[in-house]
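Visitor: following is a predicted model, sequence given first.
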Amino acid sequence: MGKKFDAAVKLVNKPAYTLADAMPVLKKAAYAKFDETVEVAMHLGVDPKHADQMVRGTVVLPHGLGKSKRVIVIASGDKVREGREAGADEVGGDDIVQRIQGGWMEFDAVVATPDMMRSVGKLGKVLGPRGLMPNPKTGTVTTDVARAVKEVKAGKVEFRVDKTGIIHCPVGKVSFEAQKLAENASALISSVLKAKPATAKGRYVRSIVVSSTMGPGVPIDLASVEAP
């Protein structure tokens, strides 16, 4: 991995850290020339092959992700105006669907009203693999368009467990203050803890590691983040 990575690894010299102690170490160990993304990885004791053990949800990070997301709204009637007034970057109906079918992808999130899902459904193969398909569970299929747009703009992120039982989720940039990174990570971890399936057996959270894009992982002390 190179000398820089080896030097960064040496900065992680404790078996586990609290979030408040981990973030300054993570920032110090980040050596790339770009503003690296900070990510939380949580290994959960669930079997995602079983639908009743799927862990997914959304959380509004208190300090956002460091960039304003481009949000589009696919709606009809009064909801078009509502989306525009809430600050959506593009608002429309079937015309937006056609633009996306034609290859337009200059957006980071899609909010749709339930009555437009018949049209939006045609975009499944395009939006699905990119994680952009509107979904009632994540609040992006809704009649409350204004709220959905504002939440996404405020730093709402989606998390879901992968096939190996791990959740990977960004919580900011290395340029953020350590305290803000810790508060964002804490908000995410709390949401994942609340999303624990009733059918999960044994230890729910097996490990938590925070890292930057190129930097080493910093292990988090589970007792410091789990509610008593």
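Guide: The structure has been received and is ready for your questions.

Visitor: just the helices from this structure, written as ranges.
Guide: Applying DSSP state H to the chain gives helices spanning 3-11, 19-29, 78-85, 94-101, 117-120, 124-127, 145-154, 178-194, 222-225.

Visitor: looking at the ones you listed, which is nearest to G165?
Guide: Of all those, helix 178-194 sits nearest to G165, with 12.1 Å by Cβ to Cβ. C-beta coordinates here come from the backbone N, C-alpha and C atoms, glycine included.

Visitor: residues in contact with that closest one?
Guide: 19-20, 22-24, 26-27, 38, 40, 42, 44, 55, 57-63, 155, 157, 159, 167, 169, 171-172, 176, 204-205, 208, 210, 225-227 (Cβ atoms under 8 Å, 6 or more residues apart in numbering).

Visitor: switch to 6 Å and redo it
Guide: Residues outside helix 178-194 that contact it (Cβ atoms under 6 Å, 6 or more residues apart in numbering): 19-20, 23-24, 27, 38, 40, 42, 57, 59, 61-63, 169, 171-172, 225.

Visitor: buried stuff in it?
Guide: Neighbour-count burial for helix 178-194 flags 178, 180-189, 191-192 (criterion: 16 or more other Cβ atoms under 10 Å).

Visitor: got it, and stretch 122-132?
Guide: Those would be 123, 127, 132, for stretch 122-132 by 16+ other Cβ under 10 Å.

Visitor: show the pLDDT at the second one.
Guide: If I follow you right, that is L127. L127 carries a pLDDT value of 93.

Visitor: so where is the chain shaky, pLDDT-wise?
Guide: Residue ranges of the chain with pLDDT under 70: 1, 227-228.

Visitor: centre-most residue in it?
Guide: V157 (3.3 Å; Cα atoms, centre = their mean).

Visitor: contacting residues for that residue?
Guide: C169.

Visitor: distance of it from G2?
Guide: Using Cβ to Cβ, to the nearest Å, V157 is found at 31 Å from G2.

Visitor: repeat that for E183.
Guide: Relative to G2, E183 is positioned 32 Å away (Cβ to Cβ).

Visitor: for A148, same thing?
Guide: In this view, A148 and G2 are 43 Å apart by Cβ to Cβ.

Visitor: how about G215?
Guide: Where G2 is concerned, G215 sits at a distance of 12 Å (Cβ to Cβ).

Visitor: tell me which of those two has more neighbours.
Guide: G215 (25 against 9; other Cβ atoms under 10 Å).

Visitor: the more buried one is in contact with A32, isn't it?
Guide: No: under the criterion of Cβ atoms under 6 Å, G215 lies out of contact with A32, with a separation of 7.8 Å.

Visitor: so what sits against both of those two?
Guide: Common contacts of G215 and A32 (Cβ under 6 Å, 6+ apart): none found.

Visitor: the spatially closest residue to V97 that is not a sequence neighbour: neighbouring residues, count only.
Guide: Spatial nearest neighbour of V97, excluding adjacent residues (Cβ to Cβ, 6 or more residues apart in numbering): S119 at 4.8 Å. For S119, the neighbour count with other Cβ under 10 Å is 16.

Visitor: S119 against D94, yeah?
Guide: Yes: using Cβ under 6 Å, S119 makes contact with D94 at a distance of 5.5 Å.

Visitor: and G57, what are its bridge partners?
Guide: Beta-bridge pairing of G57 under DSSP bridges involves F159.
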